[in-house]
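K.L.:
Structure for the following, please:
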Amino acid sequence: MARTPSPREIIPERKRSKPQPRGKPPTLGGLKDYGHRLAAGCGECQHTAKLDLDALIGRFGRDLEAIALNGHLRCQRCGKLNGRIQVLTA
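P.N.:
Next comes the predicted model:
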């Protein structure tokens, strides 16, 4: 009796594409220039709040990468220090 071929024998394996390099993370100044806004979301209680981008730029400068704020934002509702940045597109 003939052996049934496995799926690997029938279907040729696909070539995996190389991961594409990503650009630099957006800076606070770059987000402002493109008209984006920022919000923060709490990982504990799911509270979200819009952030004042001008105030953040005044405090940290235009060249700060927005993702540097992750984990350093305190939730106004529950007080936990685990906020995550969300970019709101224009």
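K.L.:
looking at the chain, which helix or strand does the model trust least?
P.N.:
helix 7-10 (a mean of 64; mean pLDDT, DSSP states H and E).
K.L.:
any idea which helix or strand comes after that one?
P.N.:
Next in sequence after helix 7-10, counting helices and strands by DSSP states H and E, comes helix 28-33.
K.L.:
what's in contact with that next one?
P.N.:
37-38, 53-54, 56-57, 60-64, 66, 87 (C-beta atoms under 8 Å, 6 or more residues apart in numbering). Every residue, glycine included, has its C-beta placed from N, CA and C.
K.L.:
Report the buried residues of the helix or strand just after that helix.
P.N.:
The first helix or strand that comes after helix 28-33 along the chain, using DSSP H and E, is strand 37-42. For strand 37-42, the buried set under the neighbour-count rule, 16 or more other C-beta atoms under 10 Å, comprises 38, 40-42.
K.L.:
so which helix or strand takes in G58?
P.N.:
Using DSSP H and E, the element containing G58 is helix 53-60.
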